[in-house]
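Student: have a look at this prediction, sequence included:
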Amino acid sequence: MNRRNRPLVSVERLKQVMDEGSLDPVLLDVRWQLNAPSQRAAYDEAHLPGAQWIEFEEVLSGEPGDDGRHPMPDHETFERAMRAAGVTDDRPVIAYDQANSLAASRAWWLLQHFGHTDVYVLDGGFEAWVAAGHPVTSQVDPVVPGEFVATPGCTPVLDADEAADLAYRSVLLDARPADRFRGENETIDPVAGHIPGAVSMPALANVGHDGRFLPPDDLAMRFTAAGVRPDSEVGVYCGSGVQASHLALALQASGINPRTGVYVGSWSHWITDPDRPVETD
């Protein structure tokens, strides 16, 4: 759909595709905000034409617990929700959220992990679509159920030991804000700090004030400065696995596109074992 700068699609390109009616993408509205009520009301008020609602906490995350605050969802639950939204293997899927693509990148990564090979994120999300003057609707279109089969393991998932190993053997990137990486201003998790050897790479620094990702060359410069090379094996983590997905997307969008594994449990899982070391600086 947008081979020059995958995995992102611009609002201009999406509008062109929708007007042409040839590719027939499945649009997923995954708007979400941490520690806030469901954004379903916003979807009901206005969404992209044809978009189907996906409830983040029910579909894109499992129940919080020992595996972290946003662990992997059950693959059968995920498959059922994707099918209900019309997802099938032979149609491209485009996910969007309000603007910064945190939730959309989680949907993008999960769909890839479960075997879909044609998935994109709408760069700038709902806000960019509206700012461009494109139409929105409150109408919910009927859906022909899809036939998507969720096959786990199609992208690398790291456990705690593998993440720690990458921190010393290669590159482990921490996607949280820099102050949380340093162990300052920690208001979410009960233990502050980071995995020893990790490199701070705040995910949201990869998007501008308009919520759109930086150009590929700028992303590549940031990752190269952090030690990432095309042949690198890279691990990404954050507080609970959401910003880590955003960082994985930015790595692919940069064009460097190393082999990237996501530590889904992230910091909220790491600190469940008091024997795991914690570093602050």
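Tutor: On my side now, so go ahead.
Student: OK, contacts around the closest residue to Pro177 other than its chain neighbours?
Tutor: Of all residues not flanking Pro177 in the chain, Pro202 sits nearest, at 5.3 Å (C-beta to C-beta, 6 or more residues apart in numbering). In this view, the C-beta of every residue, glycine as well, is placed from N, C-alpha and C. Counting by C-beta atoms under 8 Å, 6 or more residues apart in numbering, Pro202 touches Ala175, Arg176, Pro177, Ala178, Phe181.
Student: what about the fourth one, how many neighbours?
Tutor: For Ala178, the number of neighbouring residues by other C-beta atoms under 10 Å comes to 13.
Student: any idea of the pLDDT on it?
Tutor: In this model, Ala178 is scored at 96, pLDDT.
Student: roughly how far apart are the closest residue to Glu279 other than its chain neighbours and Asp174?
Tutor: Distances taken as C-beta to C-beta, 6+ apart place Pro196 nearest to Glu279, at 4.2 Å, with adjacent residues excluded. Pro196 sits 11 Å away from Asp174, going by C-beta to C-beta, to the nearest Å.
Student: which neighbours do the two share?
Tutor: The contact sets of Pro196 and Asp174 do not overlap (C-beta under 8 Å, 6+ apart).
Student: Ser268 and Val242 touch, don't they?
Tutor: No - the criterion here is C-beta atoms under 8 Å, and Ser268 misses it with Val242 at 10.5 Å.
Student: overlap in contacts of those two?
Tutor: His70.
Student: before we move on, back to that, neighbour-wise, which of Pro196 and Asp174 wins?
Tutor: With neighbours defined as other C-beta under 10 Å, Pro196 and Asp174 compare such that Asp174 has more, 28 against 15.
Student: pLDDT score assigned to the spatially closest residue to that one that is not a sequence neighbour?
Tutor: Nearest-residue entry for Asp174: Ala198, 4.5 Å, with adjacent residues in sequence omitted and distances by C-beta to C-beta, 6+ apart. Per-residue confidence (pLDDT) for Ala198: 98.
Student: residue ranges for the helices of the stretch 101-250 of the chain, please.
Tutor: 102-113, 125-131, 160-169, 178-181, 216-225, 242-253 (DSSP state H, counting those that start in this stretch).
Student: average model confidence for the third one?
Tutor: The predicted model assigns helix 160-169 a mean pLDDT of 97.
Student: and if you look at stretch 268-277?
Tutor: Rounded mean pLDDT across stretch 268-277 is 97.
Student: what residues sit buried inside it?
Tutor: Buried residues in stretch 268-277, counted by 16 or more other C-beta atoms under 10 Å: Ser268, His269, Trp270, Ile271.
Student: ends of it, what's the gap?
Tutor: 14 Å (C-alpha to C-alpha, to the nearest Å).
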